[in-house]
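Colleague: the following block contains a protein sequence and its predicted model.
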Amino acid sequence: MRHARRARRFALLTLLAIVALIALLLSAFGGSTRTSAALGVGQLVPNTQTRPFPQILAMHGAVRLQMPIAQARKTAIGYHDTPDGALSLAPLGHQANQGVIDRVFHKIFGGGGGQPAWYRLSSGTTSALDVGAAAGTDVYAPVDGTVVGVTPYVVAGNRFGSRIDIQPQTAPSLIVSVTQLRADPSLSVGSNVVSGATRIGVVVDLSRVERQALARYTNDSGNHVSVEVRPAASLVLN
């Protein structure tokens, strides 16, 4: 009985010590659950920039997703889950809205840093990459490859731009889908595209038909271009 009380007392003291340590760390590093993004590369380039310079945002196997928007035009980067079979992406950089425990862990043990800053927009996997930009902003291919599909992108029964499917050179068994943009008229099935160099369209305005999660981290309505990776077989099934 005495041994059990001693064990409970030890566990309680250990818990109090952990709580005190976390409180001390939060007071030293700031207690807000939403961290301000560090100065990003987009803030270091002139506003006259039209094409993105090479910058990998996320990866899935051999696929390296390059920035599809000129860095000077980007408003925010976000990731969220999708219900349509898109594959999980590995984001580069750091999560700007990570939770308190993760922030404390990274402060103590390192990691979780680097650029770009990105936001998690939902729970679950990071299977969709959203890159924010004002409607009308030029969108460039996120990978080198061949266009294998240009189809309508439909929201609430109405067409809002196109979905462009690209077969990447590095992973022909996968498809990179880009949505929420109006396709460039010169683009067609069979067109070869180069990441960061081939203009594939412009961002469309969806602010009137849906509440966009990225708007929580931008100063506008949160319009963006969305990029997903899925097996090529699922494109045939759809």
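Modeller: Nice, I can see it.
Colleague: ranking helices and strands of this structure by mean pLDDT, which lands last?
Modeller: Lowest on mean pLDDT, DSSP states H and E among the helices and strands of the chain sits helix 100-109, with a mean of 51.
Colleague: for the next helix or strand after that helix, name the packing helices and strands.
Modeller: Along the chain past helix 100-109, the next helix or strand (assigned with DSSP states H and E) turns out to be strand 117-120. In this structure, strand 117-120 packs against strand 77-80, strand 94-95, with contacts taken as 3 or more Cβ pairs under 8 Å, 6 or more residues apart in numbering; DSSP states H and E. C-betas here are computed from N, CA, C, even on glycine.
Colleague: and the next helix-or-strand element following strand 117-120, how far out from the chain middle?
Modeller: Proceeding N to C from strand 117-120, the next assigned helix or strand is strand 128-132, under DSSP H and E. Relative to its parent chain, strand 128-132 has a centroid offset of 4 Å by Cα atoms, centre = their mean, to the nearest Å.
Colleague: and strand 128-132, average pLDDT?
Modeller: Averaging the model's pLDDT scores along strand 128-132 yields 98.
Colleague: can you list the domains in this protein?
Modeller: 1-31, 54-237 (automatic domain parsing).
Colleague: return the most buried member of those.
Modeller: Of all the domains of the chain, domain 54-237 carries the top mean neighbour count, a mean of 18, counting by mean count of other Cβ atoms under 10 Å.
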